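Peer 1: Next comes the sequence, and after it the predicted model I'd like to discuss.
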Amino acid sequence: MISHETVIYENSFLIEGNSFENAGHISTEVKALLKRLKLPKEIVRRAAIVAYEAEMNICSYAERGTIILRVMPKQIFIEAIDEGRGIADIELAMQEGYSTATEKIWRMGFGAGMGLANMKRFSDFFSITSEIGKGTHIRMIIRID
Amino acid sequence: MTLREVKEILDAEVFVGHDQLEKEVKTAFGADLMSDVLAFAKEGSLLLTGLTNPQIVRTSDVLDISAIIIVRGKRPLPETTQLAEELHIPILGTKYILFETAGRLYAKGIVGCVEKVGEKRDFS
């Protein structure tokens, strides 16, 4: 019998920071993986959205980062851990529209100040911790049922 | 309506997806900010945008967008076209500006994938 704690799938993906060359390809992969696991379409979509926003944040602001994907029978965990400048005021950063983006990021269609808000919007659990000069750690859960 | 009809209405050029013009579309979302697209666009919609970089394809893949319409006469970058071919996402281009593109489609029955941004989370 499969218990609720059983890990069905687990992987971590390294992401290069300060670069848009491959930006988004981890999320494309995460989506394809979750699709193959035959998870409900809406769950796959939400997981892909939060993974994509997390990935774009690392590409935009961090030196490097990792996205961890862990699929269990009742939930999907997505963690984004980066090494970078960190976020000084998390409450402010969570506000829709607040952004520290550069023109390079805007040209990609990002930097609208929606990233963290979108991660929270599309996950069932969201937590963020950050240390100035070290990096940021985001944990998200999407419930499957 | 089909993507073929969208192409006719917008006098559009097909960059990717000549074989997908029979796809049915009912709704659309227009924006140049991909995070806004991620926040509000719905599965199966058209994405009307003035951006041409590969992120329009990544965003469309994540959301199951049915096709991308690039407005204002811009052309997709080569890496955008390549990625769209890999992920089977049609890209059309029109010389109409975003306002005209949206208006012409709306007049023929395409509606916004959401009408107003609501407070309730709607995953339908």
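Peer 2: Perfect, thanks for sending it.
Peer 1: low-confidence ranges in chain A?
Peer 2: For chain A, the stretches flagged by pLDDT under 70 are A:1-2.
Peer 1: Which positions in chain A make contact with chain B?
Peer 2: Residues of chain A lying close to chain B (CB under 8 Å from any CB of the partner chain) are A:20, A:23-25, A:27-28, A:31, A:41-42, A:45-46, A:48-49, A:52-53, A:56, A:107-110, A:112-115, A:117-118, A:121. Just so you know, the C-beta spots here come from the backbone N, C-alpha and C atoms, and that holds for glycine as well.
Peer 1: for the residue nearest to the spatial centre of chain B, helix, strand, or coil?
Peer 2: In chain B, the centroid-proximal residue (CA atoms, centre = their mean) is B:Leu47; its distance is 2.2 Å. Following DSSP: H, G, I helix; E, B strand; the rest coil, B:Leu47 is assigned to strand.
Peer 1: circling back: which of the residues of chain A next to chain B are buried? Put it as a ChimeraX command.
Peer 2: Applying 16 or more other CB atoms under 10 Å in any protein chain shown to the residues of chain A next to chain B leaves a buried subset, and the ChimeraX line that selects it is:
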select /A:20,23,24,27,28,31,45,46,48,49,52,53,56,108,109,110,112,113,114,115,117,118,121
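Peer 1: so of the residues of chain A next to chain B, which ones are in helices?
Peer 2: A:25, A:27-28, A:31, A:41-42, A:45-46, A:48-49, A:52-53, A:56, A:107, A:115, A:117-118, A:121 (DSSP state H).
Peer 1: How many neighbouring residues does residue 76 have?
Peer 2: I went with chain A, as the question did not name one. Using other CB atoms under 10 Å in any protein chain shown, A:Ile76 is surrounded by 27 other residues.
Peer 1: That was the other one, I meant chain B.
Peer 2: Counted with other CB under 10 Å, B:Pro76 comes out at 23.
Peer 1: Ramachandran coordinates for B:Glu22?
Peer 2: Here is the backbone geometry of B:Glu22 (degrees, to the nearest 10): phi -90, psi 0.
Peer 1: how about A:Phe20, what does it touch?
Peer 2: With contact set as CB atoms under 8 Å, 6 or more residues apart in numbering or on different chains, A:Phe20 has these partners: A:Cys59, A:Ser60, A:Lys104, A:Met108, B:Gln55.
Peer 1: Around chain A, pick out the residues from chain B.
Peer 2: Counting by CB under 8 Å from any CB, chain B sits next to chain A at B:32-39, B:43, B:49, B:51, B:53-56, B:58-59, B:61-64, B:87, B:121, B:123.
Peer 1: from the residues you listed, which ones fall inside strands?
Peer 2: Those of the residues of chain B next to chain A mapping onto strands are B:Thr49, per DSSP state E.
Peer 1: any idea which residue sits dead centre in chain A?
Peer 2: Central residue of chain A (CA atoms, centre = their mean): A:Ala54, at 2.8 Å.
Peer 1: Return the distance of that one relative to A:Arg64.
Peer 2: Distance, A:Ala54 to A:Arg64, using CB to CB, to the nearest Å: 13 Å.
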